[in-house]
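[1] Quick one, structure for this:
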Amino acid sequence: MRIDVRGFAFDLHVGGPPAGPPVLLLHGFPQHSGEWSDVVPLLHRAGLRTYALDQRGYSPGARPAAVSAYRLGELVGDAVAVLDRLGIAAAHVVGHDWGAAVSWALAADHPARVRSLTAVSVPHPGALAHALRADRSQRARSAYMRLFRREGTAEAVLLALRATGLRRMLAGAGDADRVATYVEPMRAPGALTALNWYRAMSHGDLAAVGPVSVPTTYVWSDRDIALGRTAAEACASHVTGDYRFVELIGVSHWIPDRAPAPLADAIVALVRDSR
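    Here you go, the predicted structure:
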């Protein structure tokens, strides 16, 4: 379905029992709401109602040109506006990768709108900031962001030779067909506007994300090439409410694709305990 908020048209994929507890799913880069395709049937089976949003820059009807339109506060504002339009006072929020960053900020700034938070792969911004200061390995893992912030250059590198760069980036997400479901939409004109998420990112915005008081589960995998253990283990100090850390062994960064069942189990357990 299409949902019109804040002057934009967002694509939203809704499913599950109509009366079930609402779960808002926020994807990361360079994916889209399809990354939840193996997770949502398991959530539906548990009685949950899911709302998977194609976020700003990904929905064709929500691609403003200005880099400043992709600051973290704008992304959080989109999520709040979608909940408002749906008439949902509070939802269980699940975010992966950049969607996790939005979810942390949403839970910190609007705790009344978040029943529980399941953050996947990306820890609280404060934990990542700590790791970037203290851990040389994390600085090396995050070096790719310098490329993504270079307008024009990043697009050229990622899309060259039938998007070989994107395909390599997503290689751990699954077989060639699954990778293609993410790569092909990104080859469409304007789709890599989503790189503005990186270009609009500022230390000030990330530092402004305060502690999270809602029940929280952080799911991290030990084969994540972008986020290391220092950042993962620092996450707990930024949550003041009930906190659970779920470590998946032998799983890559692409947790919703590669470990949908353990992820769904973690989400369902938190939802049930947070009603």
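[2] can I have stretch 90-98 written out in PDB, keeping just the CAs?
    Output of stretch 90-98 as PDB, limited to C-alpha atoms (Å, rounded to 0.1, in the frame of the first residue of the first chain):
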ATOM      1  CA  ALA A  90       2.800   2.800  20.100                       C
ATOM      2  CA  ALA A  91       4.400   0.000  18.100                       C
ATOM      3  CA  HIS A  92       7.100  -2.700  18.700                       C
ATOM      4  CA  VAL A  93       9.900  -1.300  16.500                       C
ATOM      5  CA  VAL A  94      12.500  -3.500  14.800                       C
ATOM      6  CA  GLY A  95      15.300  -2.000  12.700                       C
ATOM      7  CA  HIS A  96      18.300  -3.400  10.900                       C
ATOM      8  CA  ASP A  97      21.500  -1.600   9.800                       C
ATOM      9  CA  TRP A  98      20.500   2.100   9.200                       C
END
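[3] beta partners of V93?
    Bridge pairing for V93 (DSSP bridges) gives the partners L24, L117.
[4] same for the strand or helix carrying R244, what does it pack against?
    Using DSSP states H and E, R244 sits within strand 243-248. The contact analysis (3 or more Cβ pairs under 8 Å, 6 or more residues apart in numbering; DSSP states H and E) places strand 243-248 against strand 216-221, helix 229-234, helix 260-273. For glycine as for every other residue, the C-beta is placed from the backbone atoms N, C-alpha and C.
[5] the inter-axis angle of it versus helix 260-273?
    Between strand 243-248 and helix 260-273, the angle comes out at 170 degrees (axes from the mean of the first three to the mean of the last three Cα atoms, to 10 degrees).
[6] Please identify the buried residues of strand 243-248?
    Neighbour-count burial for strand 243-248, counted by 16 or more other Cβ atoms under 10 Å, picks out 243-244, 246, 248.
[7] Could you save the residues you listed as JSON lines and add columns showing distance to A46?
    As requested, the buried residues of strand 243-248 are exported to JSON lines (distance: Cβ to Cβ, whole Å):
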{"residue": "Y243", "distance to A46": "22"}
{"residue": "R244", "distance to A46": "17"}
{"residue": "V246", "distance to A46": "16"}
{"residue": "L248", "distance to A46": "19"}
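[8] The stretch 1-150 of the chain: strands as residue ranges?
    2-5, 8-15, 22-26, 49-53, 91-96, 114-120 (DSSP state E, counting those that start in this stretch).
[9] Output the contacting helices and strands for the longest one.
    Identification of packing neighbours for strand 8-15 by 3+ Cβ pairs under 8 Å, 6+ apart yields strand 2-5, strand 49-53, helix 72-86.
[10] Quick one: list the elements packing against the longest one.
    Spelled out, that is helix 72-86. Using 3+ Cβ pairs under 8 Å, 6+ apart: helix 72-86 touches strand 2-5, strand 8-15, strand 22-26, strand 49-53, helix 98-109, helix 196-200, helix 203-207.
[11] can you list the residues that contact the first one?
    Among residues not part of strand 2-5, those counted as contacts by Cβ atoms under 8 Å, 6 or more residues apart in numbering are 9-12, 61, 78, 81-82, 84-86.
[12] so for that strand, what's the average pLDDT?
    Taken as a whole, strand 2-5 has a mean pLDDT of 98.
[13] what residues are up against the residue nearest the centre of the chain?
    Taking Cα atoms, centre = their mean, the centroid of the chain lies closest to G99, which sits 1.8 Å from it. Shown in contact with G99 (Cβ under 8 Å, 6+ apart): 25-28, 55, 120.
[14] Having no further points to raise, I will conclude here.
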